[in-house]
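Peer 1: just to be clear, the model below is a prediction. Sequence and coordinates:
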Amino acid sequence: MTFSAQRLPQSKDDSLPQILAVAVAHLHGVIRELRPTQADWRKVIEFLTDVGHASDERRQEWVLLSDLLGASALVEEINSRRPKTATPNTVRGPFFRADVPQLALGSNISLDGIGERLEISGRVQDLDGDPVANAEIITWQANAQGFYENQQPDLQPEFNLRGFFRTDADGRFHYQTIRPCGYGVPDDGPVGKLLRQAGYPLRRPAHLHFMIKAPGFETITTHIYDGSDPHLAEDAIFGVKPELVRTFERQDERQSKGAPAWRLELTFVMVRANREPRHEPRFHL
Ligand SMILES: [Fe+2]
């Protein structure tokens, strides 16, 4: 059996017949290769039904499926190709909040003070190394137990470990936080259960999230990974890139007054937005 665009009824959208023809050709290829029984296929349909039922306004099981299969990372990579020296994008993930209030440079975003202190400083620059002044930096991270503030509204203060800063005239920024811990992706729904059964790693190595915006530049949405995390090679969402891995340096003991403390220096390199924007949907489904 073959399936081609010619078999589809005429559509107002030129791309739709082509999308379906490609998708169906690959689907048929999977079925020919795996040769499922009717019972196997019913299980597949039951799984997809469960994914839909597990999704609501607070939980998006389809996004989790897309992330854990690497589809989200691949779409990001196709649409955010940048010169090698620019900071690459990764997926944003489910814990971002856009409503975090702006803070003064140097502020401490650890509102409960629990964890090993971490001082972060850095610079936002363009491809020529010139500073990007007044860039918006939104950061968010898990706490020392691997939980985000919006996962534990009763245990963590609102906006804990979230910050919104602006770079100074030299493109520099700095703030205080705590060292984040890695975490497991949600495995209490159909996607986690399936992938755990298949032996997929469901760990996320320790990381910090950043979104950096400046007029005239492409927005950076990225992670910075802790280079000492033993799970770096098995990030569940395929986000680790060598240029995003950093070593957290131990701070001088005199400065840290004996308590464990760390520092991290970061450079984010932005690309001018002179390319055609690629955020509009191409497929009208
Ligand atoms: Fe995260």
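Peer 2: Nice, thanks for sending it over.

Peer 1: which residues in the protein form helices?
Peer 2: Taking DSSP state H as the criterion, the chain carries its helices at 15-34, 38-53, 61-68, 71-79, 190-197, 253-256.

Peer 1: what number of residues lie near Leu118?
Peer 2: Leu118: 23 surrounding residues under other C-beta atoms under 10 Å. All C-beta atoms are positioned from the backbone trio N, CA, C, and that covers glycine.

Peer 1: hmm, Glu249 and it touching each other?
Peer 2: No. Assessed by C-beta atoms under 8 Å, Leu118 is found out of contact with Glu249, at 10.0 Å.

Peer 1: got any residues that touch both of the two?
Peer 2: By C-beta atoms under 8 Å, 6 or more residues apart in numbering, Leu118 and Glu249 have these common neighbours: Trp262, Arg263, Leu264.

Peer 1: could you dump the residues you listed into TSV and include pLDDT, distance to Ile19 and neighbour count?
Peer 2: Shown next, in TSV, are the shared contacts of Leu118 and Glu249 (pLDDT from 0 to 100; distance: C-beta to C-beta, whole Å; neighbours: other C-beta atoms under 10 Å):
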residue	pLDDT	distance to Ile19	neighbour count
Trp262	95	48	19
Arg263	94	49	17
Leu264	96	43	18
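
Peer 1: restricted to strands, list the residues you listed.
Peer 2: Counting by DSSP state E, the shared contacts of Leu118 and Glu249 place Trp262, Arg263, Leu264 in strands.

Peer 1: thinking Thr87 is in contact with Glu243, fair?
Peer 2: Yes. The criterion here is C-beta under 8 Å, and Thr87 meets it with Glu243 at 7.4 Å.

Peer 1: and the gap between Tyr50 and Leu65?
Peer 2: Wrong residue type there; residue 50 is Asp, not Tyr. 11 Å (C-beta to C-beta, to the nearest Å).

Peer 1: ok, those two, which is more surrounded?
Peer 2: Leu65 (22 against 16).

Peer 1: model confidence for the more buried one, exactly?
Peer 2: At Leu65, the predicted lDDT confidence score is 94.

Peer 1: then the one 5 residues further on?
Peer 2: In the prediction, the pLDDT value recorded for Gly70 is 91.

Peer 1: let me see the contact set for it.
Peer 2: Contacts for Gly70 were tallied using C-beta under 8 Å, 6+ apart; they are Ile237, Phe238.
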